[in-house]
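**Q** any chance you could fold what I've pasted below:
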Amino acid sequence: MLKVAILIEDMVEDVEFLYPYYRFLEEKHDVDVISQTKKSIKGKKGGVFKTDLSISDVKSSTYDIVFISGGYGPDKLRANKDVLDFVQKMHQSEKLIAAICHGPWVLVSAQICKDKNMTSFPSIQDDLKNAGANYTNKPVSVDKNIITAMDPSAMPEMFQEIIKACKSLS
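**A** Here you go, the predicted structure:
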């Protein structure tokens with residue numbers, strides 16, 4: 001069983017939180033839902049999601065995986081120093097980092113994109129390129145410990161890659 005941190009914030013794309021949350025549980029992993037403050041998060045489509053912890057209460061050493069859900073929540077997450085420190089430490093420890101849709105915005109602000117093959121929702125591709133990423137424009141991209149996906153339609157393929165990576169971590 002691996003320990004998973006899912007980062008969300010208000011205006012998360014509901015399905016980009018729910019699908020990963022239940023897929024990780026289905027794989028028998030221990031999942032914490034984390035936001036900037038321990039509060040309920042409102043999704044773009046009207047869902048209300050309970051968080052387990054505030055980012056200021058967690059340590060990267062506790063987790064094996066961080067998943068950054070998309071929607072507009074990542075725009076808020078990327079401005080939080082604790083979020084960026086957490087993601088940077090996960091990367092330095094070569095732990096699994098996955099981000100979908102607008103989630104790679106957090107990776108841009110954490111300055112971990114240089115020379116990485118990455119994808120995202122097309123509207124933020126310039127941000128990835130300007131951060132030094134090799135934008136692939138594929139539904140899913142894998143580069144060592146970083147897995148990125150374009151949009152909800154890519155989640156099944158993304159999770160095939162995540163599950164494969166999890167097996168090598170177990």
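
**Q** which residue ranges of this structure form helices?
**A** Applying DSSP state H to the chain gives helices spanning 14-26, 73-77, 81-92, 104-109, 125-130, 155-169.

**Q** which residues does the one residue sitting closest to the centre of the chain contact?
**A** Centroid-nearest residue in the chain: I68, 1.8 Å away (criterion: Cα atoms, centre = their mean). Each residue near I68 by Cβ atoms under 8 Å, 6 or more residues apart in numbering is listed here: 6-7, 74, 77, 87, 97-100, 103-104, 106-107. (Glycine included, C-beta is placed from N, CA and C.)

**Q** and the residue nearest to L2 when sequence neighbours are not counted, how far is that from M155?
**A** In space, and not counting its chain neighbours, L2 is closest to D64: 4.1 Å by Cβ to Cβ, 6 or more residues apart in numbering. From D64 over to M155 the distance is 20 Å, taken as Cβ to Cβ, to the nearest Å.

**Q** returning to what we had before: pLDDT score assigned to the residue nearest to L2?
**A** pLDDT for D64: 98.

**Q** and S168, what's its pLDDT?
**A** Predicted confidence (pLDDT) for S168: 87.

**Q** measure it to N80 for me?
**A** Counting by Cβ to Cβ - S168 and N80 are separated by 30 Å.

**Q** the more surrounded of these two?
**A** A direct count of neighbours by other Cβ atoms under 10 Å for S168 and N80 places N80 higher, at 19 against 7.
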